[in-house]
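Asks: Below is the structure, and that's it, no one-letter string:
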Ligand SMILES: O=P(O)(O)OC[C@H]1O[C@H](OP(=O)(O)OP(=O)(O)O)[C@H](O)[C@@H]1O
Ligand SMILES: O=c1cc[nH]c(=O)[nH]1
Ligand SMILES: [Mg+2]
């Protein structure tokens, strides 16, 4: 298990634009995908490769490729969708599953409404994505769900995480690696990440 705050200057620079309340929807969406791509580079560094042989213009040589069933990306709807294209730009052979969970605004408990996963998901490394890890309820629900479907290798990738939610996820799922662009100060009285960036789903899709 690892908790990695990906402190790359390009990621931290781009995160500033996502935090800014005046950033428009188009810029927000594009920048979120750019960060997701940069984080993917770090989060996939332990991927196993297969040896192959390739013929260069000069000679045959040993080289390496990803196995056919290397990766599945699973966004938690809706906001997780905002990271998928950035990840697929780097891992185009990944399959994509979807888990629909929203947070009840009063109880802050996760509410399930949809799921569709690749049939061979248990054979793949799953990158579970959601920009916001607040109380941790949605992430824990989605990880439980993946494990019930036979998945054994899960990395959770988010943009900002609250320390209290992070602690809950690690306690329940100590085998899951977590990558965050930033671990923030905490949660406010409404369960929003502080300082955070507001409601990420609404900012991606322009719904408020
Ligand atoms: O850690 P938690 O306390 O569970 O909160 C985090 C969840 O809340 C947000 O989703 P939201 O319920 O706003 O749904 P949306 O993506 O459809 O906007 C966010 O994208 C996470 O899924
Ligand atoms: O700060 C938060 C917490 C949950 N969901 C969001 O979109 N933002
Ligand atoms: Mg939302």
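Replies: Nice, I can see it. Source: prediction; values computed, not measured. Numbering: from 1, shown residues only. Ligands and ions are numbered 1, 2, ... in the order given.

Asks: Now the longest helix seen in the chain: buried residues?
Replies: The single longest helix within the chain, with elements called by DSSP state H, is helix 25-43. Under the neighbour-count criterion of 16 or more other CB atoms under 10 Å, helix 25-43 has 28-29, 31-40, 43 buried. C-betas here are computed from N, CA, C, even on glycine.

Asks: Note down every partner strand of the next helix or strand after that helix and its orientation.
Replies: Downstream of helix 25-43, the next assigned helix or strand under DSSP states H and E is strand 50-55. In the sheet, strand 50-55 lines up against strand 60-65 (antiparallel) (DSSP bridges).

Asks: what residues does the chain put near ligand 1?
Replies: 76-79, 102-103, 108, 110, 130, 132-139, 165, 191, 199-201 (CB under 6 Å from any ligand atom).

Asks: One more pass at 8 Å, please.
Replies: Residues of the chain lying near ligand 1 by CB under 8 Å from any ligand atom: 76-80, 101-103, 105, 108, 110, 130-139, 141, 162, 165, 191, 199-202, 205, 207.

Asks: Make sure residue 150 is actually in contact with residue 121.
Replies: Yes - counting by CB atoms under 8 Å, residue 121 is a contact partner of residue 150 at 7.2 Å.

Asks: So these two - more neighbours on which side?
Replies: residue 121 (17 against 11; other CB atoms under 10 Å).

Asks: What parts of the protein come near ligand 3?
Replies: When proximity is defined as CB under 5 Å from the ion, the chain approaches ligand 3 at 199, 201.

Asks: OK, now which residue of this structure is nearest to ligand 1?
Replies: residue 201 (2.3 Å; CB to the nearest ligand atom).

Asks: ok so that residue is a helix residue?
Replies: Yes - counting by DSSP: H, G, I helix; E, B strand; the rest coil, residue 201 is located in a helix.

Asks: ok, now which ones touch it?
Replies: 78, 79, 207 (CB atoms under 8 Å, 6 or more residues apart in numbering).

Asks: pLDDT at residue 1, what is it?
Replies: Per-residue pLDDT puts residue 1 at 72.

Asks: can you pull the contacts of the residue nearest in space to the middle of the chain?
Replies: Nearest to the geometric centre of the chain sits residue 129, at 2.3 Å (CA atoms, centre = their mean). Residues near residue 129 by CB under 8 Å, 6+ apart: 36, 73, 74, 75, 76, 80, 83, 84, 87, 156, 157, 158.

Asks: Quick check: the fourth one touching residue 98?
Replies: Read that as residue 75. Yes - taking contacts as CB under 8 Å, residue 75 lies within contact range of residue 98: 6.2 Å.

Asks: Looking at the two, which is more packed in?
Replies: residue 75 (25 against 17).

Asks: Could you tell me how far that one is located from residue 53?
Replies: Distance, residue 75 to residue 53, by CB to CB, to the nearest Å: 36 Å.
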